[in-house]
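> sequence first, predicted model second:
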Amino acid sequence: MQLFEDKAHLIERMLEKAKEGDRRAQKAIYDALAEKMFALCIRYMGDRETAEDVLQDGFVTLFAKLDTYTGDGAFEGWARKIFVNTALMSLRKNDVLKESEDVDSARSMTSETPSAVQDLGYKELCRMIAELPAGFRTVFNLYVVEGYSHQDIAEELGISVTTSRSQLLRARAILQAKIKEREKN
């Protein structure tokens, strides 16, 4: 218990120094978060170069908004929301959902879970998700990974709830096809 309290106190001190503009404290925060937030950025953006840009923008936003962190909840969770929002802003700017399909065209997609999914490694699954078209990948990440509802996704991305559902169905269908193809090989 003492270790947890010491770590919480250390994070609190580091945040206070970073708020005051202390570059070493900011670097320590960057070092503590960069790897996890970069993985998040890649999941949303699909490629390293764009993910690096979003990571950079996310840290700029994080340090600019550091004063708004109240200490309610985990700092990493608060930071995660900033990076998700930064990725979504980038995707919105590039209008990735302009080729969205309505749920009627996705009804024929199956939702069975192939047994091969249990044999997939984390990196291989992440690669498959990264290969999804941007709109499908975004909705998949928000719904499956972040736990957003279709209503929340629709509001966040400026699309209909029906479009959110169809994007998820299509993403799952594409992933299932990739898994089945892997199973054959």
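That came through, no problem.

> who's in contact with the most centrally placed residue in the chain?
With the centre of the chain defined as its mean C-alpha position, the nearest residue by Cα atoms, centre = their mean is residue 40, 4.4 Å away. Contact partners of residue 40, counting by Cβ atoms under 8 Å, 6 or more residues apart in numbering, are 80, 83, 84, 87. The C-beta positions use only the backbone N, C-alpha and C, and glycine is treated the same way.

> I'd like the distance between it and residue 21.
26 Å (Cβ to Cβ, to the nearest Å).

> again, but for residue 141
Remark: distance between residue 141 and residue 21 (Cβ to Cβ) = 33 Å.

> more neighbours: which of those two?
More neighbours surround residue 141 than the other of residue 141 and residue 21, with 21 against 10 (other Cβ atoms under 10 Å).

> my guess is the more buried one contacts residue 45. True?
No: contact criterion Cβ atoms under 8 Å: residue 141 and residue 45 do not qualify, at 10.1 Å.

> identify each buried residue in stretch 148-168, please.
Buried positions in stretch 148-168, judged by neighbour count with 16 or more other Cβ atoms under 10 Å: 148, 150, 153-154, 156-157, 159, 162-168.

> for the protein, which segments count as helices?
Listed in chain order, the helices of the chain (DSSP state H) span 2-19, 23-45, 48-64, 75-93, 103-106, 122-130, 134-140, 150-157, 161-184.

> mind exporting the last one as CSV, just the C-alpha atoms?
Backbone C-alpha positions of helix 161-184 (Å, rounded to 0.1, in the frame of the first residue of the first chain) are rendered in CSV as follows:
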residue,chain,number,x,y,z
VAL,A,161,-26.2,5.4,-35.4
THR,A,162,-27.1,3.2,-38.4
THR,A,163,-23.9,4.1,-40.1
SER,A,164,-21.9,3.4,-36.9
ARG,A,165,-23.5,-0.1,-36.7
SER,A,166,-22.9,-0.8,-40.4
GLN,A,167,-19.2,0.2,-40.1
LEU,A,168,-18.8,-2.1,-37.2
LEU,A,169,-20.5,-5.0,-39.0
ARG,A,170,-18.3,-4.4,-42.1
ALA,A,171,-15.1,-4.2,-39.9
ARG,A,172,-16.0,-7.5,-38.2
ALA,A,173,-16.8,-9.1,-41.6
ILE,A,174,-13.4,-8.1,-43.0
LEU,A,175,-11.6,-9.3,-39.9
GLN,A,176,-13.4,-12.6,-40.1
ALA,A,177,-12.5,-13.0,-43.7
LYS,A,178,-8.9,-12.3,-42.9
ILE,A,179,-8.9,-14.8,-40.1
LYS,A,180,-10.6,-17.5,-42.2
GLU,A,181,-8.0,-16.9,-44.9
ARG,A,182,-5.2,-17.2,-42.3
GLU,A,183,-6.8,-20.4,-41.1
LYS,A,184,-6.7,-21.9,-44.7
